[in-house]
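1. sequence first, then the predicted structure:
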Amino acid sequence: MVEGHQVHRTAASHRKLLVGKRFQASSPNGRLSAGAAAVDGLILSAVEAHGKQLFYRWTGAGGDESERVCVHFGMSGRAAATRLPAGTPLSALPPPTATTRLRLWSPDEGLMVDVSAMTVLHGGPEVEAARRSVLGADPLRSDADPEALRARVKQSKRSIGFLLMDQAFFAGVGNIYRAEILAASRVHPDTPAATVSDAALDRIWSFSVRMMQDGFQTGSIVTVRPGEATADPAARRFVYNRPSCAACGSRVVSWDIAGRTAYACVGCQPAPGATKAASAPSTVVPFASACAPPTAAEAAAHPASMRVPALKAALKAAGLPTGGKKAELVARLAASTPVKAERPRLPVPGTAGLVPADATAAAAEKAAAGEGRNVEHVPQGAGDATAGGPPTPAPKRTKRRA
């Protein structure tokens, strides 16, 4: 499945390549004939992404953005741009695939775009508005509202693992990101959403933004950052499709949530007990964790989350005795440094200021890591709009939806 960071990468690339140009439009497989006829000869004025949805806006005869083409890639769609000799007639372009719903051709620019996707719709502004109205907060959009999302999550009777895959809540998050965000946040996917603490929800949103922004820039879902202390220094992801947790080395378990495979570390993400979703949320008290050590602010607010060497160092710096059991060290430090925990500032969502690697660099990085596109579908081909020739074929679909 194409996840949100790749849709935003496609939007960013197509804004740079295509906006402001006039295109000849056709529907090679006939499934968007009326839509292609409606935008044929018009100027593409904007490209927007929201979650896993891509929106093309066209300037009509009246000078307004009266036409829309809405795309949902699904499991293996593509929107690949190719450079060809300027002036090539439409009839002489490379043959499309059987799944190509929309072909755009700018003879003056020598630029061809073939779109194949699970869903491609044409209509007016109301079509885009209807599709966007059911989408939730997108970590890669600057207009995302994490507080409104928090309120909706707290009212849900579903598990947090279910909601992360529900596009009406977390737009753009797919199965790989779901696994990685919850692992980094130390939250079990089966935890009832209504019981997830504000601190844990802050972590979930923060990792959603951080990981997807990283994916937007690199073109790959690599959630373990270089230099991050882990049990497996070569790991690219924490738990997704792994037998053991990259962070702490504990066993990773998997099971089904609404037809998709969920993953969790038995060490970092303790399973919830027999708790009903309607029960009152409980306050999370951080604990000493080798795989997810507390930040300085968290440690100051909750000394019990510190390991013994850190406790002794803090006590020594304060001129206090360092002897005794951990419980005594914690009590001594807490009594000497009463701290009022403040809610950390959430990261700014969106892609402003981020520079995405081009498709060629992204493909080379994945190949060097020994990964294919079956790990993470890429809707653009390596070298899109940089060399002649038709787009590379999309990968074959597999029956298992991990």
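-> Everything's here; your move.
2. now tell me what touches stretch 90-108 from outside.
-> For stretch 90-108, contacts defined as Cβ atoms under 8 Å, 6 or more residues apart in numbering pick out 18, 21-29, 31-32, 35-36, 44, 69, 82, 84, 86-89, 111-117, 120, 389-390, 393-394. Where C-beta positions appear, they are placed from N, C-alpha and C, glycine not excepted.
3. so of these, which ones are in strands?
-> Within those, residues falling in strands by DSSP state E are 24-26, 44, 69, 82, 111-116, 120.
4. closest to residue 145 out of those?
-> Using Cβ to Cβ, residue 69 comes nearest to residue 145 of the ones in strands among the contacts of stretch 90-108, at 26.9 Å.
5. what comes up buried for stretch 22-36?
-> 22, 23, 24, 25, 26, 27, 28, 32, 35, 36 (16 or more other Cβ atoms under 10 Å).
6. could you dump the residues you listed into TSV with distance to residue 210 added?
-> TSV is the format used below for the buried residues of stretch 22-36 (distance: Cβ to Cβ, whole Å):
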residue	distance to residue 210
22	39
23	36
24	41
25	38
26	41
27	39
28	40
32	37
35	37
36	39
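7. which of those sit farthest apart?
-> Farthest pair in the buried residues of stretch 22-36, by Cβ to Cβ: 22 and 28, 19.6 Å.
8. in the stretch 101-250 of the chain, where is pLDDT below threshold?
-> Applying pLDDT under 70 to the stretch 101-250 of the chain flags no residue at all.
9. any chance of the buried residues of stretch 22-36 in TSV, plus pLDDT and distance to residue 213?
-> Shown next, in TSV, are the buried residues of stretch 22-36 (pLDDT from 0 to 100; distance: Cβ to Cβ, whole Å):
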residue	pLDDT	distance to residue 213
22	94	33
23	95	31
24	94	36
25	96	33
26	95	36
27	96	35
28	95	35
32	96	32
35	96	32
36	97	34
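10. what segments of this structure are helices?
-> Assigned by DSSP state H, the helices in the chain fall at 4-18, 33-39, 125-133, 146-155, 160-164, 175-185, 198-218, 296-301, 308-317, 326-336, 359-368.
11. could you pull up the residues touching the residue of the chain most remote from its centre?
-> Here the chain reaches farthest from its C-alpha mean at residue 321, the gap being 47.1 Å by Cα atoms, centre = their mean. Contact analysis of residue 321 by Cβ under 8 Å, 6+ apart lists 315, 332.
12. surely residue 356 touches residue 214?
-> No: in this structure residue 356 lies outside contact range of residue 214 using Cβ atoms under 8 Å: 10.8 Å.
13. give me the more crowded residue out of those two.
-> Per other Cβ atoms under 10 Å, whichever of residue 356 and residue 214 has more neighbours is residue 356, with 20 against 16.
14. once you drop chain neighbours, what's closest to the more buried one?
-> residue 9 (5.2 Å; Cβ to Cβ, 6 or more residues apart in numbering).
15. neighbours around residue 365, how many?
-> Residues near residue 365, counting by other Cβ under 10 Å: 15.
16. typo on my end, residue 62
-> Around residue 62 there are 7 other residues, counting by other Cβ under 10 Å.
17. what do you get for residue 97?
-> 14.
18. repeat that for residue 146.
-> 20.
19. ok, the one 5 residues further on next?
-> Applying the criterion other Cβ under 10 Å, we find 10 residues in the vicinity of residue 151.
20. same deal with residue 150?
-> Neighbour tally, residue 150, other Cβ under 10 Å: 17.
21. same check on the one 5 residues further on?
-> When neighbours are counted by other Cβ under 10 Å, residue 155 registers 9.
22. which residues of the stretch 201-350 of the chain fall in strands?
-> 252-257, 260-265 (DSSP state E, counting those that start in this stretch).
23. the closest residue to residue 376 other than its chain neighbours and residue 135, how far apart?
-> Sequence neighbours aside, residue 221 is the residue nearest to residue 376 in space, at 5.3 Å (criterion: Cβ to Cβ, 6+ apart). Counting by Cβ to Cβ, to the nearest Å, the gap from residue 221 to residue 135 is 20 Å.
24. do the same with residue 261
-> From residue 261 to residue 135 the distance is 24 Å (Cβ to Cβ).
25. again, but for residue 148
-> Taken as Cβ to Cβ, the span from residue 148 to residue 135 is 13 Å.
26. the two: which has the busier surroundings?
-> Remark: of residue 148 and residue 135, residue 135 carries more neighbours, 18 against 11, as counted by other Cβ under 10 Å.
27. from residue 145, how far off is the more buried one?
-> Using Cβ to Cβ, we find residue 135 at a distance of 12 Å from residue 145.
28. show me the contacts for residue 65.
-> Contacts for residue 65 (Cβ under 8 Å, 6+ apart) come out as 45, 46, 57, 58, 59, 125.
29. just send those residues back as a markdown table, with distance to residue 166 and neighbour count too.
-> A markdown table is the format used below for the contacts of residue 65 (distance: Cβ to Cβ, whole Å; neighbours: other Cβ atoms under 10 Å):
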| residue | distance to residue 166 | neighbour count |
| --- | --- | --- |
| 45 | 31 | 17 |
| 46 | 27 | 17 |
| 57 | 27 | 22 |
| 58 | 31 | 23 |
| 59 | 34 | 18 |
| 125 | 25 | 14 |
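30. out of the buried residues of stretch 22-36, which is nearest to residue 268?
-> When these are ranked by distance to residue 268 (Cβ to Cβ), residue 32 comes first, at 45.8 Å.
31. gap between the closest residue to that closest one other than its chain neighbours and residue 26?
-> Once flanking residues are discounted, residue 32 sits nearest to residue 101: 4.7 Å by Cβ to Cβ, 6+ apart. The spacing between residue 101 and residue 26, counted by Cβ to Cβ, is 10 Å.
32. now do residue 375
-> The spacing between residue 375 and residue 26, counted by Cβ to Cβ, is 33 Å.
33. domain assignment for the chain?
-> 4-135, 146-265, 296-336 (automatic domain parsing).
34. could you export the ones you listed to JSON lines, including columns for distance to residue 272?
-> Below are the domains of the chain laid out as JSON lines (distance: least, Cβ to Cβ, whole Å):
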{"stretch": "domain 4-135", "distance to residue 272": "27"}
{"stretch": "domain 146-265", "distance to residue 272": "5"}
{"stretch": "domain 296-336", "distance to residue 272": "20"}
